[in-house]
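Student: Let me see the structure of the following:
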Amino acid sequence: MEKAESIWMDGRLVAWDDAKVHVLTHTLHYGLGAFEGIRCYLCDDGRSAVFRLGEHVRRLAQSMHILGLESPYSERQISDACVETVRANKLKECYIRPLLYLAEGEMGLAATTNPVRLSVAAWPWGSYLGQEGLTNGIRVRTSSFQRFHINTLMTKAKAVGHYVNSILASLEARSGGYDESLMLDVDGYAAEGCGENLFIVRDGVVKTPPIATVLEGITRATAIRLLEDAGHEVVEERFTRDDIYIADEAFFTGTAAEITPIQSLDDRRIGGKGPGPVTKRIQEEYFAVTKGSRPEFAEWLTYI
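Tutor: Here you go, the predicted model:
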C-alpha cells in the first residue's frame, strides 16, 4: 500500500503512522462495524471528482442501521470528511475508506456503551484485480466456501466481519493460481465474487443475480443503468455456474474492481478470446462517466 500523508480520525487529521486505535477496540475483536470503498478519479478536464459519494455514504448509514448501531456523524459530515481527506493529502486519484467502528470500553458480544468512532483514509490504488485483468480478463474458480444465508449475516450491510467469508474464498482461489473466486449461494446458484457483483451475457441478454443474497453494489447499479441506456436488456435472476460456462461474456463489477472481464471459470473459457463487445462497451462507458465525460451523469460526481 502506498501511504498518504494523513488520515481523518474523529474530526481531525492525524499523520498516517499515528492513526492508531486501542488493542481492545471492540470491532477489532468481534467485527461489528461498517465501511465503504469509494473512488476519486482524475477527470478529463483536469479536476478530481469522487464517484457517487452520496450513494456510498447512504449505504454506510444503512449498514449501521441494519447492525443496530448509531453513527455520531451525519451523512453530510461523513461526505465532508471524505472530501477533506482527499484534499488534505493532495491526491488526484485515490481509493477512500470510511470506517465506523466500536471503540474500546465494554468487552463481550452484547456491548452497548462503547462509543462509535469514524476514520477516513485515502490512498492511491489501481484496479483491485490488476491492470492486466482489467484489459484482458481474469481467471476465476468456483469457491468451496458459500455466500452466507440471508438470515445468517444480513447481506445489505457492508459489515466488517462479513469479509472473513470473502477472505477465505479469495485465499483459496489465489493459492490455486486463480485471480478470484466465484461464490455460490446456499442453494448452489451463482452469487458474486469475493468483493464484486457478477454479470453474464448470453444471446444479447445481460443477467445478474438478484440482490436478495448479494450486496447491493453501487457499481452494479451504475452498470445496469449504462447497459439499459445502451439498449441492452438486463434481467435480474438466478443462474448456475454452468450458465456462466456457456455464456458469451462475463464480468465483475465493484468500486475496487471497476469493470473487470472474466476470461474463464473453472478452466472453461468464456466466449471468445479476450473481453466481449458488451463488456468492452460498458467498461468504456463506465470510465467515461467516472472521468466526467458524460455530462448527463454529472450528479454522480463530487468535485474536490
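
Student: show me the contacts for Ala298.
Tutor: Shown in contact with Ala298 (C-beta atoms under 8 Å, 6 or more residues apart in numbering): Gly292. C-betas here are computed from N, CA, C, even on glycine.

Student: Name the nearest residue to Glu5, sequence neighbours excluded.
Tutor: Counting by C-beta to C-beta, 6 or more residues apart in numbering, Glu5 lies nearest to Asn89, which is 5.2 Å off, once chain neighbours are set aside.

Student: Tell me, what's the model's pLDDT at the one you found?
Tutor: Asn89 carries a pLDDT value of 98.

Student: That one contacts Ala121, correct?
Tutor: No. Checked against C-beta atoms under 8 Å, the pair Asn89 and Ala121 is beyond contact range at 9.2 Å.

Student: Arg238 - how many residues pack around it?
Tutor: For Arg238, the neighbour count with other C-beta atoms under 10 Å is 16.

Student: On the secondary structure side, give me the element for it.
Tutor: Under the criterion DSSP states H and E, no helix or strand holds Arg238.

Student: need the contact list for it.
Tutor: Contacts of Arg238 by C-beta under 8 Å, 6+ apart are Asp187, Tyr189, Ala190, Pro209, Pro210.

Student: returning to what we had before: shared neighbours of Asn89 and Ala121, anything?
Tutor: What both Asn89 and Ala121 touch, as defined by C-beta under 8 Å, 6+ apart, is the set Ala4.

Student: circling back: sort out which of the contacts of Arg238 are in helices and list them.
Tutor: Nothing among these maps onto helices, per DSSP state H.

Student: could those be laid out in CSV, adding neighbour count, distance to Thr25 and pLDDT?
Tutor: Listed next are the contacts of Arg238 as CSV, based on neighbours: other C-beta atoms under 10 Å; distance: C-beta to C-beta, whole Å; pLDDT from 0 to 100:
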residue, neighbour count, distance to Thr25, pLDDT
Asp187, 10, 36, 96
Tyr189, 17, 37, 98
Ala190, 27, 36, 98
Pro209, 22, 34, 97
Pro210, 12, 36, 95
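
Student: any chance you could map the helices in this structure?
Tutor: 26-30, 53-67, 75-88, 131-136, 163-175, 218-229, 241-245, 277-290.

Student: Okay, buried residues for stretch 146-162 please.
Tutor: Judged by neighbour count using 16 or more other C-beta atoms under 10 Å, the buried positions of stretch 146-162 are Gln146, Arg147, Phe148, Thr155, Lys156, Ala157, Lys158, Ala159, Val160, His162.
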